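Novice: Predicted model follows, preceded by the sequence.
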Amino acid sequence: MTRQEAPDRRGARLHPPPPQDFDPFTATEEDLERHGLPLRPDPQTQPGMAALWERRASRYRSFDHLEPRPDNVTAAKEAVIAGALGPAPIESCGYSLVSHSPFTVLSVTWTVPNLRFSPSPNGPNHFHTYVGLGLLDVHVEMTVDATQNVTSKLWAQAVGPIDLPVGPGDVISGALCLDTKPPGTAHYFLANETRSQTMNFRVDTGFPPAVTIDVGVTRGDGNQPIDPLAHFGVVYFDEVIAFTTRDSRSLTSGDAITMVDEHGSTLAKPVRLNDHAFKAVYAAA
């Protein structure tokens, strides 16, 4: 992606994880706020948001709630964000959508692929799955080397590396929320559904309202030259739900981005499955 430095921000605001017997459906607003969890939307005035809240709350209620331990020093050094032009086809494959009304919520479930090394003179291949809400970004950073050793970690914009374990074959879900008024408070709700673990935190980002959402895969680590694309098979992005200040939007109604090399040959392409799902398919290195 095109990169630029992130604006100044404060550190992540952490909350104690809820106890094992915590029931979000019977919890008071005070209880939810104490643990940094979203308040239950009114099903009469916000039926879509209420349905999303109920689905996530029901799914995660039995998960282990981990306490985040962000590395703020690393976050300050590594914080970079997608530029105004959005994901670039030379390195990205997925979907991008622009809205006149600011996006406030983006919720996605996706798979973490296994990788196979593509020959490169620059060492390991770098690969990411990404979910972006305006200048917010959460992604799984991956590498694979010539011995087929694969590494993976979760990373969140304005926070840095996240100690929620991830690995090939895992199913990850995340909900990103961004307030439209200063200080641009971001709310991250992340889960590894395969390992039944979840984590949440918030951070005052200073970011402007989000007018784009972007989801997909990318190659490289932000430096030149761009890495060859690691063999990744298929990455599924499901339950893609987005809300603006006015209504809900379908990501797959936006622009489809096919990854190409410097000669225009297809490396990976997005395949729309329905209004709320697509897959990124490896084509060639």
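Specialist: That came in fine, so what should we check first? Residues are numbered from 1 along each chain as shown.

Novice: contacts and neighbour counts: CA atoms only from here.
Specialist: Noted.

Novice: Doesn't E30 belong to a strand?
Specialist: No. Under DSSP: H, G, I helix; E, B strand; the rest coil, E30 sits outside any strand and is assigned helix.

Novice: distance of it from P68?
Specialist: 21 Å (CA to CA, to the nearest Å).

Novice: Comparing those two, which shows the higher neighbour count?
Specialist: Higher neighbour count among E30 and P68: P68, with 20 against 11, using other CA atoms under 10 Å.

Novice: quick one: the more buried one and M199 touch, right?
Specialist: Yes. Between P68 and M199 there is a contact at 6.6 Å, judged by CA atoms under 8 Å.

Novice: any idea what sits nearest N274, other than its immediate chain neighbours?
Specialist: T252 (7.5 Å; CA to CA, 6 or more residues apart in numbering).

Novice: Can you pull the phi/psi pair for the one you found?
Specialist: phi -80, psi 0 (degrees, to the nearest 10).

Novice: That one - how many residues pack around it?
Specialist: For T252, using other CA under 10 Å, the count is 22.

Novice: cool, and N274?
Specialist: N274 has 14 nearby residues by other CA under 10 Å.

Novice: List the beta-bridge partners for A210.
Specialist: F103 (DSSP bridges).

Novice: helix/strand/coil for E54?
Specialist: Relying on three-state DSSP, one would call E54 helix.

Novice: For it, give its distance to T245.
Specialist: From E54 over to T245 (counting by CA to CA), the distance is 20 Å.

Novice: These two - which one has more neighbours?
Specialist: Per other CA under 10 Å, whichever of E54 and T245 has more neighbours is E54, with 15 against 12.

Novice: Let me see the contact set for that one.
Specialist: Residues near E54 by CA atoms under 8 Å, 6 or more residues apart in numbering: R40.

Novice: mind checking how far stretch 163-176 is from the chain centre?
Specialist: Distance of stretch 163-176 from the chain centroid (CA atoms, centre = their mean, to the nearest Å) equals 9 Å.

Novice: Show me the contact partners of it.
Specialist: 66, 68-70, 105-114, 133, 136, 140, 151-154, 186-195, 197-199.

Novice: ditto for stretch 206-215
Specialist: Against stretch 206-215 from outside (CA under 8 Å, 6+ apart): 7-9, 86-87, 94-104, 106, 129-135, 178-185, 251.

Novice: ok, now stretch 120-134?
Specialist: 103, 105-106, 108, 112, 117-118, 137-146, 176-178, 209-221, 227-230.

Novice: Now the buried members of those.
Specialist: 103, 105-106, 108, 112, 117-118, 137-145, 176-178, 209-221, 227-230 (16 or more other CA atoms under 10 Å).

Novice: For this structure, which helix or strand comes out least confident on mean pLDDT?
Specialist: strand 3-5 (a mean of 37; mean pLDDT, DSSP states H and E).

Novice: where does this structure dip in pLDDT?
Specialist: 1-11, 71-85, 224, 285 (pLDDT under 70).

Novice: Report the residue ranges of every domain in it.
Specialist: 23-62, 65-282 (automatic domain parsing).

Novice: In a markdown table: those domains, plus distance to P16.
Specialist: A markdown table is the format used below for those (distance: least, CA to CA, whole Å):
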| stretch | distance to P16 |
| --- | --- |
| domain 23-62 | 6 |
| domain 65-282 | 7 |
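
Novice: Just name the most buried of the ones you listed.
Specialist: Burial of the domains of the chain is given as mean neighbour count (mean count of other CA atoms under 10 Å); domain 65-282 ranks first at a mean of 20.

Novice: Pull the distance from that domain to the chain's centre.
Specialist: The answer for domain 65-282 is 4 Å, by CA atoms, centre = their mean.

Novice: could we number from 261 for the rest of this?
Specialist: All set: I'll call the first residue 261, so the last point we hit is now domain 325-542.

Novice: tell me the phi and psi of A348?
Specialist: According to degrees, to the nearest 10, A348 has phi -100, psi 130.

Novice: Now for R376: which residues touch it?
Specialist: So R376 contacts V404, Q408, A490, H491, F492 (CA under 8 Å, 6+ apart).

Novice: rerun that using 10 Å as the cut-off
Specialist: 385, 403-410, 489-493 (CA atoms under 10 Å, 6 or more residues apart in numbering).

Novice: Please name the nearest non-neighbouring residue to it.
Specialist: H491 (4.9 Å).

Novice: my guess is the one you found contacts L375, does it?
Specialist: Yes. When contacts are counted by CA atoms under 10 Å, H491 is listed as touching L375 (5.5 Å).

Novice: Appreciated, that's everything.
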